[in-house]
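Visitor: please work out how this folds:
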Amino acid sequence: MNNVTRRSLDYLSKNFHMVGLQETCFTGLRTFKRAKHIWSEASRFNTSFWSQDHMTNYTGHAGVGLLLTPTCPVQDLQDVTLRHVSSSELLQRYLVLQGTLNTVVTYIHVVYAPVQSGERPTFFNQLPRNFEEGAQHIVMGDFNTVLSSQCDQALHNNRERLQGRAQLQDWMQELNAVDAWRLQHPTLEEYTSPNSSSRVDYVMMSSQLFHAALRDIRHDFRQSANAGDHCGIKFHLGSAIFRPTARAPWRCPEWVIQLPEAQMYLHESLEEFADSIHDPTNAEYNPGCLLDEHMRHDSIFLRELFQSKKNIRQNEIEELHLSINRLRHLQHTEPSADQERTLQEKQETLKIKLKEKEYYASQKKFISDLRSSERCSQFFFRPPQVLHNTPIPVNSKEELDSMCTAFNEY
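Guide: Numbering: from 1, shown residues only. Below is the predicted model of the structure:
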């Protein structure tokens, strides 16, 4: 966080309601205040909480933080770390805030466990457990510990990451917290550590909150949400009752219409519609109804074509991400020249696919800006307006003047 950029914090502010940070590693008061200032400038009502708030020394090691936007669903948050923690070793690695979520008391924990395996059992034993019965918990952190030697690390016989697991599980049991990612992906093997050898970063939450509100949780292998050496975790909480406002009507992108299959279908559809038009034979004949049905069928086809192309492109990108991730794991455990060459080829292919995706996104944004931002032509090229909007039956301006004069006389 010492060299954090305005661009990265702007991205976090626009795309997330709540961001947990580990290894902030502030080296001085100036860099700490700079990070807080940039975050507050990203949005007027942004707030932040830091473990550094409870300390006066800046060692350049450890440190955690929590960034919040005004739209964070957990309301009335306040830092209660000092109420539950007194150990100086714990204060630089742990942060807890209290708030309410749907009128239920909710605690947000941010944790950064020690890298040294011998220190982790004591650290996890010192984490606070005395919270209200029925309170909900959301835990975000780098625990430097795996919960499963078979599923959460590439080298299954590595005992280093297992140190502190029993103590961590005891703390989770006290909070009634579950590993949200593993419950949604019970057999998937993905690793978040810097060398892609183990899954040590977790989002945990109360079991009732997991079942009632968690919509999605995934690893951010593209590093779009962070610039650190660990893989970030994105999760989405949503209410089953709340329904957001409906979207605007779908607009077909220009590139979809230019596809050969779209051109062929539209020509055939237009010819079929033209053949269905004929001179009216009775009073019930309605060509407007035929036109509406013709446009509806075209819209359905174009939308399905757009979605299929988008899904194909997205699936290719996701497969490339997974392949690159697997190759990195293999290269870490069993390095070879062939794997390195294949990895480079996959990475080049991924760059091409991402550029293609960016191009289509830029085309969509250009059309959106053209329709939503451009306003001058609507004013200057509007159709001529009636000079006088009046219900008085007149046929000329002179007649209107005489009529108005008569009305104005008493």
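Visitor: now the helix ranked longest in the chain: mean pLDDT?
Guide: If you go by DSSP state H, the chain has its longest helix at helix 287-333. Helix 287-333 shows an average pLDDT of 88 in the prediction.
Visitor: give the other helices and strands that the next helix or strand after that helix contacts.
Guide: Sequence order places helix 337-372 as the next helix or strand after helix 287-333, per DSSP states H and E. Judged by 3 or more CB pairs under 8 Å, 6 or more residues apart in numbering; DSSP states H and E, the packing partners of helix 337-372 are helix 254-257, helix 287-333. Placement of C-beta: from N, CA and C, glycine included.
Visitor: what angle separates helix 337-372 from helix 287-333?
Guide: On the basis of axes from the mean of the first three to the mean of the last three CA atoms, to 10 degrees, helix 337-372 is oriented at 150 degrees to helix 287-333.
Visitor: how about the strands in this structure?
Guide: 18-22, 47-50, 64-68, 75-79, 94-101, 104-112, 136-142, 177-179, 201-206, 214-220, 232-237 (DSSP state E).
Visitor: list the buried residues for the fourth one?
Guide: In other words, strand 75-79. When burial is assessed from 16 or more other CB atoms under 10 Å, strand 75-79 yields the following buried residues: 77, 79.
Visitor: with just CA atoms, put that strand into PDB.
Guide: Extracted C-alpha coordinates of strand 75-79, given in PDB (Å, rounded to 0.1, in the frame of the first residue of the first chain):
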ATOM      1  CA  GLN A  75     -24.500  -0.400   8.200                       C
ATOM      2  CA  ASP A  76     -23.300   1.600  11.300                       C
ATOM      3  CA  LEU A  77     -19.800   0.100  11.300                       C
ATOM      4  CA  GLN A  78     -17.500   0.900  14.100                       C
ATOM      5  CA  ASP A  79     -14.000  -0.300  15.000                       C
END
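Visitor: which intervals of the protein have sub-threshold pLDDT?
Guide: Applying pLDDT under 70 to the chain flags residues 223-228, 239-248, 363-393, 410.
Visitor: change it to 50
Guide: Within the chain, the stretches with pLDDT under 50 are 242.
Visitor: and it, what are its domains?
Guide: Domain assignment of the chain by automatic domain parsing yields the ranges 6-237, 254-278+289-377.
Visitor: thinking again about what came up before, okay, the strands of the chain in JSON lines with distance to Arg6 next?
Guide: Formatted as JSON lines, these follow (distance: least, CB to CB, whole Å):
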{"stretch": "strand 18-22", "distance to Arg6": "15"}
{"stretch": "strand 47-50", "distance to Arg6": "15"}
{"stretch": "strand 64-68", "distance to Arg6": "14"}
{"stretch": "strand 75-79", "distance to Arg6": "24"}
{"stretch": "strand 94-101", "distance to Arg6": "24"}
{"stretch": "strand 104-112", "distance to Arg6": "23"}
{"stretch": "strand 136-142", "distance to Arg6": "23"}
{"stretch": "strand 177-179", "distance to Arg6": "34"}
{"stretch": "strand 201-206", "distance to Arg6": "25"}
{"stretch": "strand 214-220", "distance to Arg6": "20"}
{"stretch": "strand 232-237", "distance to Arg6": "19"}
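Visitor: much appreciated, bye for now.
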